[in-house]
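S.K.: from the sequence below, what's the structure:
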Amino acid sequence: MGLATDWIARNVSRFRSTDAAAPATKSEGEAAKGPAPRGTAQRLQATLRRGQEVLSPRELRKLMEDLQAAADAGLSDVEGGRHAQLLMDWYAQAELPAHKDFWALIVEQFGPDTEALMAARKRYDTAASDAERGQAEMDLRRALMSPRTRLLQRFAQPQGGMGFLVDLRAELLALPKAEQQRFSALDAELEHLFANWFDVALLELRRLSWDSPASLIEKLIQYEAVHDIRSWADLKNRLDSDRRCYGFFHPRMPTVPLIFVEVALVDKMSDSIAPLLDETAAAADLGRATTAIFYSISNTQTGLRGVSFGDSLIKHVVETLTGEFPRLRHFATLSPIPGLRAWIAKHGDAILEKMDERQRKAFELKAGGMGAEHLLAALDAPQDLKPDAPVRRALLFCAAHYLGRETAKGRPLDPVARFHLGNGARVERLNWAADLSAKGLKQSLGLMVNYLYDLKRLDKHRGLLAQGRIPVSSDIEALCK
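M.R.: Numbers count the residues shown, from 1 in each chain. Prediction:
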């Protein structure tokens, strides 16, 4: 009885109309700012527009009527989808302030029937048998199937409707956090629907090549998030014979990869991004390729935040590559460490104190002081530091701790590490001066990391991570000492 009841108790407030909430008493300071913004229920009953309201009451009532037509349970999905298309056309011509009125109507006027929901919950709580409880659970599910859910499903019917909803959520997520709260019910509903609609079983893995349609290739340039594509020659290099690029596609969004991965086929684990991005380099000999390096993974749709299919992408790509190249034995990444510099600036003093005394004194002598600011100041040109340089040792010590020791709520701190370690990889090797681009120096002081996907130990690594222990290689373990 506890799980369903607890879930309802935690989430029912998110589905209630904000107009139903009792207004809080204003302080004198708040009162001086003027009247509080009106909810949609008040505006729908009004005659005149007030203050900064974008849509007049008459325009808001017309929009409400159109939304009700799209959500009408008496209409077929096809007919409801036709009404949704008309709303999509209106939305495309409207500006952000009008979009907010659109969202507010969906949140405040199309939520579940609160009384029916509470009654269904009460029946579940008081059920005297398994049979009664089973029926009560079905009643709860029906009560939570709000007009809002049906309305959003209708928007997914027309051509382009799925992309419309994904873009709508991306626009909502771009708002300041405080403003997003007003539309949290819409955000939660969309995320829940997307988790089902974009299930990996419904996605198609496609290889992207130089022979792919130009419109699709342009998407790679547009959405590449790790290493910017500088030119067509750069892109052609990434799609050469010794490379592979794969993306996941949804049948309702066939021209946009939801996520894509770029792969280099090489004869050993890569330790620098420059050779992989060198447009003048000759293609590698595929007959000698034993290692697949995932050097860029890019999500393209902000509106799908919270919907995870990256781990499935890597699994599918590994299966595809081993089928094409049976000699491949090793699968690893060459990844940035985007949170490293900021973390060192904040926590470096405490981490450097953990170095052994000899190394600490050598670093202090070379850097002119013992602290994070001295370390960062000494790393303007990391490529010029010799392998035994105290400053180099200090940075590797910090980076190894950051990736291999530091967690928050049992999860790795670095976002890229969370992704790969969550998929069963381990922290394999740190690479010095591996990315000397402005971005690489700014984020991770030129360091990059290999995460190794040992196909026989993925479950073991996930198990360690579930215990709050980050799986690392012996090399990383040694750097932490």
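S.K.: any idea which helix or strand carries Val449?
M.R.: Remark: Val449 resides in strand 448-452, with elements defined by DSSP states H and E.
S.K.: for that strand, which helices and strands make contact with it?
M.R.: Packing partners of strand 448-452 (3 or more Cβ pairs under 8 Å, 6 or more residues apart in numbering; DSSP states H and E): strand 330-333, helix 415-422, strand 426-431. Yep, even glycine has a C-beta here, placed from its N, CA and C like the rest.
S.K.: what about 10 Å?
M.R.: The contact analysis (3 or more Cβ pairs under 10 Å, 6 or more residues apart in numbering; DSSP states H and E) places strand 448-452 against strand 291-299, strand 330-333, helix 390-404, helix 415-422, strand 426-431, helix 474-479.
S.K.: my read is Leu376 is in a helix, agree?
M.R.: Yes: judged by DSSP: H, G, I helix; E, B strand; the rest coil, Leu376 forms part of a helix.
S.K.: would you confirm that it contacts Trp343?
M.R.: No: Leu376 is not in contact with Trp343 according to Cβ atoms under 10 Å; the separation is 11.4 Å.
S.K.: out of those two, which sits in the busier spot?
M.R.: More crowded of Leu376 and Trp343, by other Cβ atoms under 10 Å: Trp343, with 20 against 16.
S.K.: list the residues that contact the more buried one.
M.R.: 337, 351, 372, 398-399, 401-402, 406, 413-414, 444 (Cβ atoms under 10 Å, 6 or more residues apart in numbering).
S.K.: which secondary structure elements does the helix or strand following the strand holding Val449 contact?
M.R.: Per DSSP H and E, the first helix or strand lying C-terminal to strand 448-452 is helix 458-466. When contacts are defined as 3+ Cβ pairs under 10 Å, 6+ apart, helix 458-466 sits against helix 415-422, strand 426-431.
S.K.: for these, which has the smallest mean pLDDT value?
M.R.: Note on those: lowest mean pLDDT is at helix 415-422, with a mean of 94.
S.K.: okay, the angle between it and helix 390-404?
M.R.: Per axes from the mean of the first three to the mean of the last three Cα atoms, to 10 degrees, the angle that helix 415-422 makes with helix 390-404 is 50 degrees.
S.K.: can you list the buried residues in helix 415-422?
M.R.: Within helix 415-422, the residues that count as buried by 16 or more other Cβ atoms under 10 Å are 416-417, 419-422.
S.K.: again, but for stretch 181-193
M.R.: Buried residues in stretch 181-193, counting neighbours by 16+ other Cβ under 10 Å, are found at 182-183, 185-187, 189-190, 193.
S.K.: pLDDT on it, on average?
M.R.: 95.
S.K.: over to stretch 235-245?
M.R.: On average, stretch 235-245 scores 96.
S.K.: would you mark the buried spots in it?
M.R.: 235, 237-240, 242-245.
S.K.: same question, stretch 283-299
M.R.: Those would be 284, 289, 291-299, for stretch 283-299 by 16+ other Cβ under 10 Å.
S.K.: mind putting those residues in TSV, distance to Arg154 and pLDDT included?
M.R.: Formatted as TSV, those follow (distance: Cβ to Cβ, whole Å; pLDDT from 0 to 100):
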residue	distance to Arg154	pLDDT
Ala284	51	91
Ala289	49	95
Thr291	48	97
Ala292	43	97
Ile293	44	98
Phe294	39	97
Tyr295	41	97
Ser296	37	95
Ile297	34	94
Ser298	31	93
Asn299	27	93
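S.K.: next up, the contacts around the closest residue to Gln301 other than its chain neighbours.
M.R.: The shortest distance from Gln301 to any residue other than its chain neighbours is 5.3 Å, reached at Val166 (Cβ to Cβ, 6 or more residues apart in numbering). By Cβ under 10 Å, 6+ apart, the contact list for Val166 reads 190, 194, 197-198, 250, 252-253, 256, 258, 300-304, 307.
S.K.: of those residues, buried ones?
M.R.: 190, 194, 197-198, 250, 252-253, 256, 258, 300-301, 303-304, 307.
S.K.: okay, and which of these map to helices?
M.R.: If you go by DSSP state H, those have 190, 194, 197 in helices.
S.K.: from the contact counts, what lies against the lengthiest helix in the chain?
M.R.: Determined from DSSP H, the single longest helix within the chain is helix 77-93. Helices and strands touching helix 77-93, by 3+ Cβ pairs under 10 Å, 6+ apart, are helix 57-71, helix 96-109, helix 147-155, helix 161-173.
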